[in-house]
Structure formats: structure tokens, C-alpha cells
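A.B. asks: Fold the following and give me the result.
(chains A, B, C, D, E and F)
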Protein chains: 4
Amino acid sequence: MKKEQRREQLLQHARDVFAEKGYHAAKIDDIVAQASVARGTFYLHFDDKRRIFEELVDDFLSRISLAIVRIRVDDATNSPLAQLRDNVFRVLEVGLGDPGMTKILLKNAAGLDPDFDRKVRAFYRAIEELLALSLLNGQRMGLVRAGDRRVLGALALGSIKEILLQSVEGRITSSAQALADEVMRFLAGGILTPGLLGEPVARKERDDPPTKTRAHS
Amino acid sequence: MKKEQRREQLLQHARDVFAEKGYHAAKIDDIVAQASVARGTFYLHFDDKRRIFEELVDDFLSRISLAIVRIRVDDATNSPLAQLRDNVFRVLEVGLGDPGMTKILLKNAAGLDPDFDRKVRAFYRAIEELLALSLLNGQRMGLVRAGDRRVLGALALGSIKEILLQSVEGRITSSAQALADEVMRFLAGGILTPGLLGEPVARKERDDPPTKTRAHS
Amino acid sequence: MKKEQRREQLLQHARDVFAEKGYHAAKIDDIVAQASVARGTFYLHFDDKRRIFEELVDDFLSRISLAIVRIRVDDATNSPLAQLRDNVFRVLEVGLGDPGMTKILLKNAAGLDPDFDRKVRAFYRAIEELLALSLLNGQRMGLVRAGDRRVLGALALGSIKEILLQSVEGRITSSAQALADEVMRFLAGGILTPGLLGEPVARKERDDPPTKTRAHS
Amino acid sequence: MKKEQRREQLLQHARDVFAEKGYHAAKIDDIVAQASVARGTFYLHFDDKRRIFEELVDDFLSRISLAIVRIRVDDATNSPLAQLRDNVFRVLEVGLGDPGMTKILLKNAAGLDPDFDRKVRAFYRAIEELLALSLLNGQRMGLVRAGDRRVLGALALGSIKEILLQSVEGRITSSAQALADEVMRFLAGGILTPGLLGEPVARKERDDPPTKTRAHS
DNA sequence: GATGAATGAGCGTTCATTCAT
DNA sequence: AATGAATGAACGCTCATTCAT
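C.D. replies: I've put the predicted structure just below:
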């Protein structure tokens, strides 16, 4: 059990150092100094620098993944909307509960290591796929307005990511509950006073959205 | 200006290399190889690696800054809403016009260099301040619904950032125009069908938002 | 041309250091110190430690290989025996001409690096094959007495290797010419006074030597 | 003696590991893993890595030394030649009986450790001295032909070393008996058909051999 | 005696930066 | 201005050895 404790201790300290300095600026020396162990001890528990980071990221990503529960339309007690709100809440809760990893994942999303970059990219792809699918279902049920699901998904995802980022950087200090409510309010009605932009509701749902191709490369 | 050309050439190649490999994986050797000059030549034009990157970032950030025009309420020809839409459009246009820098700024937002981190942070702070101010004005004019301006700002900012990110990564392929419209639609009415969440409009504007303090550390 | 000189200089110094300390005890620092260049300079010319060593070994082995000329039975001016003697002489000459590499190859013949071990082994195998073949031809021509060619080859090869080893270690100080003569005398008549062991000449040549299998594992 | 058993067990496993991987590639971890003991246990029985290796080498060298019995001219039952043959046989027997140590001693003869290098060198010097002395006696008795005893000794020694090397590497598979006979045949008459090189017997014995000094350094 | 976690000196390698030509 | 060889600080990692339990 002692060994497992050391491991855990090193993981925590590593997380802190990575969060504070970023992957590249975080030296093995920083981690072991913070943990007050010798350099060799680190390699007793982890194969190399990349590995401990990967373990931290894997753990965090799986916690996020577990926080997202696929929405069930036949749930009697929780409406799809309530389930969506719960998902948002749980993701925010996980993120706020581990500010270090949240910061790393949101700010150092690439350029650390080819393998690692791929992993993070795959994670986001999965999220985006799930979102697109949920939005399609939402559209079919009349809960989500018409529009390109990729774009709608990006808009929603971006909102949540930024809320998380500013929270872990201390610029927003609300609770996960309050923020989840804010996000839901945002998704439900934007931030502008209703009626300003004409009638967005009138649009018909389309499976193939008429997105014009971009002009510039 | 032979010298100025060299400089410019190096800047372009450096941008490409940085965009492709990220700051740390981009070696001076890669840059000079792309530019077909000797290694020493690089240092004839730039003090060091950090500096050329900083110059690229500075240039990009100032182009973004120039794209954002403070909204004037007394503009006869353009409503505040139209001005907002123009801002969104121009920012998207700048971002899509320089996918390399956009990618770097959105994915490697930290951990490159202490000085550089500070600069990016300062840029975002400025944007956020401007946003908060604009939102306050919007609330006063009845254009923006009530709510914590920091949170509202983050929600809006995040949407745009994510749209940009997914665009430069090729997962969204609409034009800046179309995307600006989508963003405006989002800000105006969210993505959910109206009326689902009760009456969000009924809330009163509050300068001090009643955000509950977070439970977990 | 300057670069090639540096390379050559490093090769020479590396050879000396390797010869003096052996592969493992030879540190990059030793090599660069001996060459009076900075550590980085080494890596400007060679990929890594293994590589410079490999280059030295490859070069030496190919010089040895070139010294060995396949014996031609139809050579009018040089009898097969004279050709054999020339081969022995040239091999000794190459070995004595590069005592450092000779010492390394004869004393550190294994345990340096898996790739390198394989290379040396392959070299010796090739030599042994050539020897066995030459001995077969010699037997057919009546120049070589009957006996297991592998064993005969090993006996001859071992003599030459030991002569070389003791020469480069300073315990034997004769010239390559004199040593070649000694080796030929040895191959021709051993070291014992003739007639002591009965009639070794009476044996018949056998292609399949009757070597008893060993008793102990 | 529980402790003595442990020691012995570790020695055997260490010998196997050293033989398989060579001194440097053999890690303490490999040895204790083979022996199924904890790492600390190793240091309960041996001072350090060099020591256990030294012990193995010492043991092997002394077994070789014991196999070599000084030739007695006044032995009624065994002629000097028969005693020589017995020596060769016993050395081969010891070598073939411990292929691991034989391989190490013949292939990693240097570069392991300064102290150890010295010890091996001293052993070979002793062998060579003994050989030179025996050859002198042989010459005086008319059993050994004239010639530089150092060179003659090297030629004989090299033959035996190579036979051993190729045997433990599996390229020669004869028994120690058969190989001893082959070696004796070789020492008695070389490998060439008699009479090919003129009359080597005609030379007179000289205490100071007329070896020309080498031309190249 | 046995264990195995902890130690830390040491080394190979990288790469931004300098400078003689 | 241009070149590219040279520099050396810095860092990740290994592994023989120690020591508390």
C-alpha cells in the first residue's frame, strides 16, 4: 500500500506542476522536488514523463466521459432537458473539481506530444459526435431548433469550455449549479432580448444544412 | 528592401512551422530549412526563437483587435446589433484567414513561455473587459437580457472561439459570413426551441449577480 | 573540407579512447576532451556513440577484408602457398597498423551492443567460411592434410589472432613480415620436432570428419 | 548452511546472466530476478557487482590453472608429450564444462573494469610465461623446434583459445578428447602437407631470436 | 536474514545561440 | 549580409547501491 500512496502523491504533485508550468516547462526535477523525493523515485513509479502525464489526462478524460450520460427519451422522471442540464452540471462539476487538469486540457490542448495530441483530439471528436447525435434527436423531438448540428454543437461546446476555463482561472466564481443554470438559459434563449433578430423559429429543420463554402483558404 | 523581404519570408515560414508542429516542436532548424537560409541568418533578423513567435502573435492579435470596433449607439446607419454582427464577422474572417496562428492561439494558449503566456492572457482580459462593458451597455439599452456579464461574456466568447477552432481544424467548413449569422442566431435565441425553460425574459437586470459561491475547491 | 577534417579528427581520437578504455568506459566527454572540442560538436558529426564506434569498426573490418584475397590456383607467378602467406602478411600488416582497433576487436569482441555484436559475429563467420573453403581446396590439391576443416580453420585463425593480440599489446615485437613467416612455418610444421607423434601424414582426406560428440554439456 | 547455499545459488545465476548478456548488459535486477530473491538480498552476500563477477572469474581461472600441471621430465610413466596433451585436454575440458565463463573470458577480455582487466591480463601473462618456459625446456630436450618462444607460445595458445571459443559458440562440436588430439596433431605438424616449405627443422636453436623490429608503429 | 522502496551520481543527447570566415 | 561549424547549458533517464521495515 505504501507504494500506491507514493504513486498517488507523485500524481498529485505532477498534476500541480503541469498545471502551473505546462507540460514542457514542467521538469522531472520540479515534480520530485515538490514531492520531496529523489529523482530516481519518480522512475520507480512511472516509465517516463510522458506516461505520468498521460495517466493524469486519461484519468481526467474518463471522469469527464463518465459525467456525460446519454440522454434517454423514455425516462419518465427526467425530461430530456433535465438530463441535458444534469450532464452540463456534472461536466462542470468534474472540471471545477480538478482545476489543474481542466486548465491543462483547455490551454495546452496540443503540441505536447504526438501520441498525446491524438488522444485529446479523439476525445473531442467523440464528444462532438455525441453532441451532433443528441442534437439530431433533439431536432426530431422538436426540442432543438433547425440548423447545422456541427455548428450548433460547436457553439454549445464552446460556451461550456469557456465557462470552465474562466472559472478555473478565477475570473468566474459561481458554483457548478449556478453555471449549469446559466448555460441552460444561454442554450434556451441566447443572451439577447427576444425578438431582435426576426423569427429564427420559423426555419425548417434540414438534415443537409446549406452552409456556403468559405471564400478564403 | 532586401532585408525586409528576408524578414518577412522568415516570418511566413516560421508561422507555417509553428502552426504545423507547435511552438516547442518547431525547431530553428525547421524554420531556416523551410526558408532555405543558413541558421545564422535567422539570428540576423530576430533576437531569438521567442521573439519571432512573439512578433507573429503580436501581429495576429493586433489584427484581431483591429477587427473589433467599439459599438457606437449613435450610429445612424448601423444598429448596435448590426455592428455586433460585423464584429463577429470580422473576427471570424481574420481567424479563418490565418488558420495557423488561430490554431496556435486556441490550442497552445499557454505553457510556451512565461512572457508570452502573460501577453496572451492580457489580450483575453482586454477582450473580456470590452465584452463585459458592451454587455452592460446592451443591458442598459434593453438589447441584452439580465445576467452576470462575466458569464454572459464567457458564453459568447466561447462560442466564437470554438467555431473558429473547429473551422481551422476542418470540421466546420462554412464561410465567415454564414458562421457570423449562425453566431448571431445563437446569441439571439440559443439553440433550443423557445418557451422550453419557462420565462427567461422576466428576470430583472442586476449589477451584482447572485452567483452562489462554489462548493468544492 | 574543414568539416571532413573535424570528422576525421574525432574518429581518430575516438579510436584512441575506445582502445584505451573500451567501449563502455569511453565517455563522450573523454572523446571530445581529447579532441578539444565541445560536447555538441561531437553530435554535429555523428549520430550517437554507437555510430562512431560502428564506423570505426566497419572501416577496420573492411580493411581486413580487403587484405584477404581469395587464393587462385591458376596463378602462374604465385603459388597458392605464396598467396596464403601474402594474405597472412597483409592481415597482420593491417592489424599492426591499427593497434587500437585490433585490440578492441580482439578483446571486446562482444557485449558492446546487440547490433554491433551481430556485425562482428557475421564478420568472423565469413572469415571462417572462407577458411573452410580454402582448406577444402587445399586438401583437394594435396596441400592441406586431412582433418575437420572447421577445426583446422579454428587452429589457424586462432594462431593469427593471438599473434596479433600479443603484438598490439607489446608482448611480441616482430615485424609483420617476420610474423607471417613464423605463422607459415607453424602452419607447415607445427612447433614440435617432426616424427614425435607417429605418422600424421598417413591419414586419408575425409569430407565428413569423424568428430566424436562431446560428452559434457 | 543456508547462507552458503544462497551465495552459491546467486553465483550460478549470475554466471548465467553474465554469459548471456555480457558484463555490462547484465543488471543486478536480472540476476536477482533469475534467482528469485529481492534486490537487497544480493548485497547481503556480495559487496557489489564487480565482486561477484570477480569471484566467478577467479574461480574459473583457478580451475584453469589447476588443469595445467607443470611438465615433469623425470616422470617415468608419462612422457613430456603425453603430459602436454593431458594439459591441453584438461584445459579444454574445464573450458567446455563452463561455456558461459569461457565465452566471457574469451570475448569480453577487457573493458569491464580496470581491476578486473588487470587480473585477466595477469592470468594470461602467467600462462604465457609458463608456456615460454615449457617451450625452452622442450627446445633443450629437442622436443620443440627452434624459434622465438614468445611467438611459438602465442601460436599454440591462440589455437587452443580459438578452438575453445568456437566450441562454446557451437560452431565446433567435438569432444575435449578429440579436440586435444587435433591440437596435438596441429602442434606436431601444422596443417600443411610436410615438405612444402623447405626444411624448417634445420634451423638452430637460438636464445635471442633474430626478430626484425617492426616498421610501422 | 530478507525485502523492495528510495537514492543520486552520472551519462547520452538536444538544440537555441554565438561567432569566425 | 550570409554562412554553418562550434558551443555548452540543460534535461531525461539508468542503475548500482543503501537502508528502513
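A.B. asks: Remind me which helix or strand the residue nearest to the spatial centre of chain A belongs to.
C.D. replies: Nearest residue to the geometric centre of chain A (Cα atoms, centre = their mean): A:Lys161, 5.9 Å. Element membership of A:Lys161 [criterion: DSSP states H and E] is helix A:149-168.
A.B. asks: same thing with A:Ile127?
C.D. replies: According to DSSP H and E, A:Ile127 maps onto helix A:114-140.
A.B. asks: swap in A:Ala110?
C.D. replies: Per DSSP H and E: nothing holds A:Ala110, as it lies in no helix or strand.
A.B. asks: Tell me which residues touch the residue nearest to the centre of chain A, please.
C.D. replies: By Cβ atoms under 8 Å, 6 or more residues apart in numbering or on different chains, the contact set of A:Lys161 is A:106, B:158, B:161-162. Just so you know, the C-beta spots here come from the backbone N, C-alpha and C atoms, and that holds for glycine as well.
A.B. asks: Let me know the closest of those to DNA strand E.
C.D. replies: Nearest to DNA strand E among these, counting by Cβ to the nearest atom of the strand, is A:Leu106 at 25.2 Å.
A.B. asks: now the closest residue to that closest one other than its chain neighbours: how far from D:Val88?
C.D. replies: Nearest non-adjacent residue to A:Leu106, counting by Cβ to Cβ, 6 or more residues apart in numbering or on different chains: A:Leu165, 4.7 Å away. Look at A:Leu165 and D:Val88: by Cβ to Cβ, to the nearest Å, they are 82 Å apart.
A.B. asks: which bits of chain A sit near DNA strand E?
C.D. replies: By the rule Cβ under 7 Å from any atom of the strand, the part of chain A lying against DNA strand E is A:2-3, A:6, A:37-41, A:43-45.
A.B. asks: which two in those are spaced the farthest apart?
C.D. replies: Across the residues of chain A next to DNA strand E, no pair lies farther apart than A:Lys2 and A:Arg39, at 19.2 Å, counting by Cβ to Cβ.
A.B. asks: between the two, which one's more packed in?
C.D. replies: A:Arg39 (11 against 6; other Cβ atoms under 10 Å in any protein chain shown).
A.B. asks: quick one, what contacts the more buried one?
C.D. replies: A:28-29, A:32.
A.B. asks: Give me the buried subset of those.
C.D. replies: Using 16 or more other Cβ atoms under 10 Å in any protein chain shown as the burial test, those include A:28, A:32 as buried.
A.B. asks: What is the nearest of the contacts of A:Arg39 to DNA strand E?
C.D. replies: So of those, ranked by how close each gets to DNA strand E (Cβ to the nearest atom of the strand), first place is A:Val32, at 7.4 Å.
A.B. asks: so where does the closest one fall, helix or strand?
C.D. replies: With DSSP H and E as criterion, A:Val32 is part of helix A:28-35.
A.B. asks: Only alpha carbons, please: show the following helix or strand past that helix as PDB.
C.D. replies: Using DSSP H and E, the helix or strand that follows helix A:28-35 towards the C-terminus is helix A:39-45. Below are the C-alpha coordinates for helix A:39-45, written out as PDB (Å, rounded to 0.1, in the frame of the first residue of the first chain):
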ATOM      1  CA  ARG A  39      14.800  11.800  -8.900                       C
ATOM      2  CA  GLY A  40      15.000   8.000  -9.200                       C
ATOM      3  CA  THR A  41      11.900   7.500  -7.200                       C
ATOM      4  CA  PHE A  42       9.900   9.000  -9.900                       C
ATOM      5  CA  TYR A  43      11.100   6.400 -12.400                       C
ATOM      6  CA  LEU A  44      10.200   3.700  -9.800                       C
ATOM      7  CA  HIS A  45       6.600   4.500 -10.300                       C
END
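A.B. asks: Determine whether any part of helix A:39-45 lies close to DNA strand F.
C.D. replies: Yes - Helix A:39-45 reaches DNA strand F (Cβ under 7 Å from any atom of the strand) through A:39-40, A:43-44.
A.B. asks: How about the contacts made by A:Phe60?
C.D. replies: A:94, A:98, A:101-102, A:105.
A.B. asks: How many residues are close by the residue of chain A found nearest chain B?
C.D. replies: Among the residues of chain A, A:Gly22 lies closest to chain B, at 2.1 Å counting by Cβ to the nearest Cβ. A:Gly22: 24 surrounding residues under other Cβ under 10 Å.
A.B. asks: Need the nearest residue in space to it, chain neighbours excluded.
C.D. replies: Using Cβ to Cβ, 6+ apart, the closest residue to A:Gly22 is B:Gly111 (2.1 Å).
A.B. asks: Need phi/psi at the one you found.
C.D. replies: Backbone geometry at B:Gly111, expressed as degrees, to the nearest 10, gives phi 80, psi 10.
A.B. asks: tell me the pLDDT at it?
C.D. replies: Listed pLDDT for B:Gly111 reads 82.
A.B. asks: Next one: the residue of chain A found nearest DNA strand E, what pLDDT does it get?
C.D. replies: Of all residues in chain A, A:Gly40 sits closest to DNA strand E, at 1.5 Å by Cβ to the nearest atom of the strand. pLDDT for A:Gly40: 97.
A.B. asks: Any figure for the gap between the residue in chain A positioned nearest to chain D and A:Val37?
C.D. replies: Residue of chain A nearest chain D, by Cβ to the nearest Cβ: A:Leu44 (11.7 Å). Between A:Leu44 and A:Val37 the distance is 9 Å, computed by Cβ to Cβ.
A.B. asks: and for the two, which residues touch both?
C.D. replies: With Cβ under 8 Å, 6+ apart as the test, A:Leu44 and A:Val37 both reach A:Arg6.
A.B. asks: Out of those two, name the residue with the larger neighbour count.
C.D. replies: A count of neighbours by other Cβ under 10 Å puts A:Val37 above the other of A:Leu44 and A:Val37, at 17 against 12.
A.B. asks: Is the strand or helix carrying A:Leu84 positioned near chain B?
C.D. replies: If you go by DSSP H and E, A:Leu84 is part of helix A:80-97. Yes - Helix A:80-97 reaches chain B (Cβ under 8 Å from any Cβ of the partner chain) through A:81, A:93, A:96-97.
A.B. asks: same check, this time on stretch A:124-131
C.D. replies: Yes - using Cβ under 8 Å from any Cβ, stretch A:124-131 reaches chain B at A:Glu128.
A.B. asks: for that stretch, what is the average pLDDT?
C.D. replies: Here the average pLDDT along stretch A:124-131 is 95.
A.B. asks: can you list contacts of that stretch?
C.D. replies: A:65, A:68, A:70, A:149-150, A:153-154, A:156-157, B:166, B:171.
A.B. asks: who's in contact with A:Ile71?
C.D. replies: Contacts of A:Ile71 by Cβ under 8 Å, 6+ apart are A:80, A:83-84, A:87, A:134, A:137.
A.B. asks: between these, which is nearest B:Ala178?
C.D. replies: Nearest to B:Ala178 among the contacts of A:Ile71, counting by Cβ to Cβ, is A:Ser134 at 22.6 Å.
A.B. asks: hang on, the earlier thing: what does the helix holding A:Val32 rub up against?
C.D. replies: With Cβ under 8 Å, 6+ apart as the criterion, helix A:28-35 contacts A:9-10, A:13-14, A:16-17, A:21, A:38-39, A:41-42, A:49, A:52.
A.B. asks: Domain-wise, how is chain A divided?
C.D. replies: As assigned by automatic domain parsing, chain A contains the domains A:1-46, A:49-196.
A.B. asks: Highest mean neighbour count out of those domains?
C.D. replies: Ranked by mean neighbour count, the domains of chain A are led by domain A:49-196 with a mean of 19 (mean count of other Cβ atoms under 10 Å in any protein chain shown).
A.B. asks: Is it correct that A:Asp16 is in contact with A:Gly100?
C.D. replies: Yes - assessed by Cβ atoms under 8 Å, A:Asp16 is found in contact with A:Gly100 at 5.9 Å.
A.B. asks: show me where pLDDT drops low in chain A?
C.D. replies: In the predicted model of chain A, residues A:1, A:194-217 satisfy pLDDT under 70.
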